[in-house]
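Student: My questions concern the predicted model and sequence given below.
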Amino acid sequence: MSRTLLAGCVAWPAEFEERYRAIGYWSGETFGEMLHQRAQHSPTKLAVICGSRRWTYGELDQRADRFAAGLLKLGIRARDRVVLQLPNIAEFLVACFALFRIAAVPVFALVPHRRTEITYFCRFTGATAYLIADHDGGFDFRQLARQVCADVDTLQHVIVAGDAQEFVAFDSLYAEPCRIEGPASSDIAFLQLSGGSTGIPKLIPRTHDDYLYSVRASVQICGLGPDSIYLCVLPAAHNFALSSPGSIGTLYAGGRVVMTRLPSPDTTFPLIATERVTITSLVPPLALIWLDAARCCEQDLSSLQVLQVGGARFAEEAARRVGRLLGCTLQQVFGMAEGLVNYTRFDDPAQLICGTQGRPISPDDEIRIVDDEDRNVPPGQPGHLLTRGPYTIRGYYRAEAHNAVAFTSDGFYRTGDIVRMLPSGHLIVEGRSKDQINRGGEKVAAEEIENHLIAHPAIHDVALVAMPDADFGERSCAFVIVRQRPGVVDAGALAAELLQFLRERNIARFKLPDRIEFTDSFPKTGVGKVDKRALREQIARLVSAPHQL
């Protein structure tokens, strides 16, 4: 079955669609069908663990069917947009698969989003429903829903997991399953958020066909099977935690998903020990916290086979600590919600696992690395990463003007990443294009200096950003978190020590940070990445103050 694509979405050219189907990348399967098949095959096998709740595949499948029936009774129909803002709880999976089955379109918001973002998502997509938890992390989402309802005319229903008050209770929607005309595999399955930290995210349309291909390929590369137990630590709606291989990949493989709202080692380490977790995924700042905690951990983490780290470049010095401190294999993951995903492979040499961000999933992931004028750079040289392929979108949702900038005329997506490619096909991420500091014409890659600094034993984490300068245009500022609280550290002495440490590493003088700021923590984006935009704004406010160095 094939239908016209949701208005505002950009289709792959017909010749590419035909090719991807002929090769078998696009199999014609939908998410709802996938879960139903797993439930038929293994109805009594555990699928989801969430606190004291332990649901089998049969129970998860039945809950999805019953919730889908309730959504239809409520009046939600195919192609209706539903903003989904749930924490890492089992209801997230029920809601997703129910919406998939009735061909409604989830819009994946993140838990930290507030009135500005949620109002925008609801208004921009014409959402008819908004699905939330009653509260999370001390925040009452029902009050947020009241504000959004006042702002958005199209919003008809608010569904609440927990105490619904005047809204619709999640559990009240479970109804007798009914006959449902499901989506075509070519339909838009959901709208995801772009990962950029500047402005309100763009919306990314993903089809059942393209997304399930990336899931299947990820499951194969990551070696998932029926015995795999995935701990969902990152926000469940984030692309990494959803499909790389994430919770959907784990269910595809017939494994088990363990949900946790809290990412701290105090919560996650006991879960790993109790549930015998085999794989999980983190962003670099959280990975550093886990590595520190592992030094004195009394929990049995021996079941953990794979720690995936992605979302931003993981410093090579930190990467080398994973096996020693956590006793598992590191897998680096570099990808984007727009499509392209790269993994290091388990049989890669240690240098590639620790020093690269992997190679693409698919032989049909087309990669170009270009200069500022879109000319291919010489092999091994850094440049802007462009890509197209069987699971990389051809345009954002309802963003014609932005698409003209973000995509080339022949359909390559401009990722915004600066990378270089090794002869093996592995990519090394040098940073984001905006993370390159132009210091009077000399280019400084933030990732390079961060990697050097994190090798110092006193440093927990570091972020290098540009600060405005009248003479050079830009200078560099290193925000540094030390292993002791900055208040008990001689900042001047430590700053001088760090500069000497960098000099001894024989890097160019212009790459030395012009300023060092010690801090207790970094601002974070909704998925836990370091928010460098906020750091740049912070240093811009301080730039008139006397330099520390």
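Tutor: Perfect, I can see it now.

Student: In terms of residue numbering, what are the domains of the protein?
Tutor: 31-183, 210-433, 440-542 (automatic domain parsing).

Student: Ser194: which of those is closest?
Tutor: Distance to Ser194, taken as C-beta to C-beta, is lowest for domain 210-433 among the domains of the chain, at 6.3 Å. No exception for glycine: its C-beta is placed from N, CA and C like everyone else's.

Student: What is the end-to-end distance of the closest one?
Tutor: Start-to-end span of domain 210-433 (C-alpha to C-alpha, to the nearest Å) is 27 Å.

Student: Repeat that for stretch 241-251.
Tutor: Distance between the boundary residues of stretch 241-251 (C-alpha to C-alpha) amounts to 12 Å.

Student: still on that earlier bit, lowest mean pLDDT across the domains of the chain, which one is that?
Tutor: Lowest mean pLDDT within the domains of the chain: domain 440-542, a mean of 85.

Student: Counting neighbours, what do you get for the nearest residue to Arg515 once chain neighbours are set aside?
Tutor: Excluding the flanking residues, the one nearest Arg515 by C-beta to C-beta, 6 or more residues apart in numbering is Cys477, at 4.3 Å. For Cys477, the neighbour count with other C-beta atoms under 10 Å is 26.

Student: hmm, back to that, distance to Cys9 added to the domains of the chain, as TSV?
Tutor: Compiled in TSV, those are given as follows (distance: least, C-beta to C-beta, whole Å):
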stretch	distance to Cys9
domain 31-183	10
domain 210-433	6
domain 440-542	23
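
Student: what's the nearest residue to Pro246 if we skip its chain neighbours?
Tutor: In this structure residue 246 is Gly, not Pro. That would be Phe240: by C-beta to C-beta, 6+ apart, it lies 6.6 Å from Gly246.

Student: which strands and helices sit next to the host helix or strand of that neighbour?
Tutor: Using DSSP states H and E, Phe240 sits in helix 239-243. Under the contact criterion of 3 or more C-beta pairs under 8 Å, 6 or more residues apart in numbering; DSSP states H and E, helix 239-243 touches helix 208-222, helix 246-252, strand 329-335.

Student: Assumed Val465 was part of a strand.
Tutor: Yes - with DSSP: H, G, I helix; E, B strand; the rest coil as the criterion, Val465 is part of a strand.

Student: ok, it - contacts?
Tutor: Shown in contact with Val465 (C-beta atoms under 8 Å, 6 or more residues apart in numbering): 435, 437, 446, 476-477, 479, 532, 535-536, 539.

Student: partner residues bridging it?
Tutor: Per DSSP bridges, the residues bridged to Val465 are Cys477.

Student: ok now stretch 17-26, how far from the chain's centre?
Tutor: Chain-centre distance of stretch 17-26: 26 Å, with C-alpha atoms, centre = their mean, to the nearest Å.

Student: List the buried residues of it.
Tutor: 17, 20-21, 25-26 (16 or more other C-beta atoms under 10 Å).

Student: Out of the helices and strands packed on helix 239-243, which is closest to Pro183?
Tutor: Here helix 208-222 is closest among the helices and strands packed on helix 239-243 (C-beta to C-beta), at 6.6 Å.

Student: The closest residue to Asp374 other than its chain neighbours: neighbour count?
Tutor: Spatial nearest neighbour of Asp374, chain neighbours left out: Thr408 (7.3 Å); criterion: C-beta to C-beta, 6+ apart. By other C-beta under 10 Å, the residues close to Thr408 number 15.

Student: ok, now which ones touch Thr408?
Tutor: Shown in contact with Thr408 (C-beta under 8 Å, 6+ apart): 374, 386, 414.

Student: what would the residues you listed look like in TSV with neighbour count?
Tutor: Shown next, in TSV, are the contacts of Thr408 (neighbours: other C-beta atoms under 10 Å):
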residue	neighbour count
Asp374	13
Leu386	22
Arg414	18
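
Student: from those residues, which is closest to Phe139?
Tutor: Checking the contacts of Thr408 against Phe139 with C-beta to C-beta, the nearest one is Arg414 at 35.4 Å.

Student: isn't that closest one right next to His402, touching?
Tutor: No - Arg414 is beyond contact range of His402, at 10.8 Å (criterion: C-beta atoms under 8 Å).

Student: Let's test this: mean pLDDT of stretch 18-29, rounded?
Tutor: Stretch 18-29 comes out with an average pLDDT of 98.

Student: Can you show me the strands along the stretch 201-350 of the chain?
Tutor: Under the criterion DSSP state E, counting those that start in this stretch, the stretch 201-350 of the chain contains strands at 203-207, 229-232, 256-259, 279-282, 306-310, 329-335, 341-343.

Student: Can you say which of those is nearest to Cys50?
Tutor: Per C-beta to C-beta, nearest to Cys50 of these: strand 256-259, 4.4 Å.

Student: Can you get me the centre-to-centre distance for the closest one and its chain?
Tutor: Per C-alpha atoms, centre = their mean, the displacement of strand 256-259 from the mean C-alpha position of its chain is 17 Å.

Student: what about dumping the CA coordinates of that strand to PDB?
Tutor: Listed in PDB are the C-alpha atoms of strand 256-259, where the atom choice follows Å, rounded to 0.1, in the frame of the first residue of the first chain:
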ATOM      1  CA  ARG A 256      14.600  -6.600  26.700                       C
ATOM      2  CA  VAL A 257      14.400  -2.900  27.300                       C
ATOM      3  CA  VAL A 258      15.000  -1.500  30.900                       C
ATOM      4  CA  MET A 259      13.800   2.000  31.300                       C
END
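
Student: neighbouring strands for that strand, and are they parallel or not?
Tutor: Sheet pairing for strand 256-259, assigned by DSSP bridges, gives strand 46-50 (parallel), strand 229-232 (parallel).

Student: Would you mark the buried spots in the next helix or strand after the longest one?
Tutor: So that's strand 46-50. Later in the chain than strand 46-50, the nearest helix or strand by DSSP H and E is strand 53-56. Neighbour-count burial for strand 53-56, with 16+ other C-beta under 10 Å as criterion, is recorded at 55-56.

Student: Within the sheet, what are the partner strands of strand 53-56, with directions?
Tutor: For strand 53-56, pairing defined by DSSP bridges yields strand 46-50 (antiparallel).

Student: residues making contact with the strand it pairs with?
Tutor: Contacts to strand 46-50, defined as C-beta under 8 Å, 6+ apart, come from residues 38, 54-57, 59-60, 89-90, 93, 251, 256-259, 275.

Student: Give me the distance from that strand to the chain's centre.
Tutor: 22 Å.

Student: Report the buried residues of that strand.
Tutor: 46-50.

Student: quick one: the closest residue to Thr356 other than its chain neighbours and Ile454, what's the gap?
Tutor: Leaving aside its sequence neighbours, Thr356 sits nearest to His426 (C-beta to C-beta, 6+ apart; 4.0 Å). Remark: distance between His426 and Ile454 (C-beta to C-beta, to the nearest Å) = 21 Å.

Student: quick one: which of those two has more around it?
Tutor: The neighbour count for His426 versus Ile454, taken as other C-beta under 10 Å, is higher for His426 (25 against 20).

Student: from the buried residues of stretch 17-26, which two are the most distant?
Tutor: So, those by C-beta to C-beta: farthest apart are Glu17 and Tyr25, at 10.1 Å.

Student: just to revisit the earlier point, could you export the strands paired with strand 256-259 as a markdown table, including distance to Arg114?
Tutor: Below are the strands paired with strand 256-259 laid out as a markdown table (distance: least, C-beta to C-beta, whole Å):
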| stretch | distance to Arg114 |
| --- | --- |
| strand 46-50 | 25 |
| strand 229-232 | 23 |
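
Student: His157 is nearest to which of the ones you listed?
Tutor: Closest to His157 of the strands paired with strand 256-259, according to C-beta to C-beta: strand 46-50, at 23.9 Å.
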